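Novice: got a sequence here, can you model it:
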Amino acid sequence: MKLIILDRDGVINQDSDAYIKTLDEWIPIPGSIAAMARLSLAGWTVAVATNQSGVGRGYYSEATLESMHQRLRELVAEQGGTVDLIRYCPHTPEAGCDCRKPAPGLFRQIAQLLHTELTGVPTVGDSLRDLEAGVALGCTPYLVRTGKGESTQYKALPAGTQVFDNLSAVVDHLLET
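Specialist: The predicted structure is shown next:
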């Protein structure tokens with residue numbers, strides 16, 4: 001199985017320090033939907049792992065979050081692709097859960113649900129915690145400069161991290177190799 005694990009906010013859609021609280025605020029980054037569809041059409045399994053503490057903070061409901069994820073699935077489907085799996089952590093940082101990135105719980109859930117190992121699986125994020133969560137289970141880290149990535153690129157990144165302008169550029173690279 002060719003699997004990729006994507007962060008959501010800042011990789012697929014625009015990010016906001018005030019949280020993405022409504023479907024109207026969920027705005028895809030140009031090229032990200034097409035990139036996901038291209039991966040899917042090329043035989044990749046596309047999974048999303050996203051921290052969504054806005055649910056735990058009471059900023060939006062799980063139903064609102066699901067409407068955003070449904071819209072993502074619909075947009076990718078309109079271009080012939082599929083989003084195979086979306087896992088999210090609804091907890092606040094204070095909850096001490098094992099699923100809030102940089103903890104690897106969401107990645108572990110994806111591996112279990114898809115019955116696969118994550119060694120070498122590309123993971124794409126715009127923050128250090130996105131990359132650290134995947135690297136903990138053997139994923140290969142890809143940083144995008146969208147979202148928080150522009151500032152993250154200057155931090156001490158996990159060994160072997162490749163940096164690209166956006167998700168579309170990562171997909172171009174993966175489909176060429």
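
Novice: longest helix anywhere in this structure?
Specialist: Using DSSP state H to define each element, the chain has its longest helix at helix 62-78.

Novice: and the next helix or strand along the chain from it, what other elements does it pack with?
Specialist: Using DSSP states H and E, the helix or strand that directly follows helix 62-78 along the chain is strand 85-89. Taking 3 or more Cβ pairs under 8 Å, 6 or more residues apart in numbering; DSSP states H and E as contact, the helices and strands that strand 85-89 lies on are strand 44-51, helix 62-78, helix 105-114. (Glycine included, C-beta is placed from N, CA and C.)

Novice: which strands and helices sit next to the second one?
Specialist: Just to be clear, that refers to helix 62-78. Packing contacts for helix 62-78, counted by 3+ Cβ pairs under 8 Å, 6+ apart, involve helix 32-41, strand 44-51, helix 53-56, strand 85-89.

Novice: what is the distance between the first one and the centre of its chain?
Specialist: Here helix 32-41 shows a centroid-to-chain-centroid distance of 13 Å under the convention Cα atoms, centre = their mean, to the nearest Å.

Novice: which residues touch that helix?
Specialist: Residues from elsewhere that reach helix 32-41, judged by Cβ atoms under 8 Å, 6 or more residues apart in numbering: 4, 6, 11-13, 46, 72, 75-76, 79-84, 166-168, 170-171, 174-175.

Novice: hmm, which of the residues you listed are the buried ones?
Specialist: Among the contacts of helix 32-41, those that count as buried by neighbour count (16 or more other Cβ atoms under 10 Å) are 4, 6, 11-13, 46, 72, 75-76, 81-84, 166-168, 170-171, 174.

Novice: can I assume residue 141 sits in a helix?
Specialist: No: according to DSSP: H, G, I helix; E, B strand; the rest coil, the state of residue 141 is strand, so it is not within a helix.

Novice: what residues are up against it?
Specialist: For residue 141, the contacting residues are 123, 125, 131, 134-135, 157-158, 160-162, by Cβ under 8 Å, 6+ apart.
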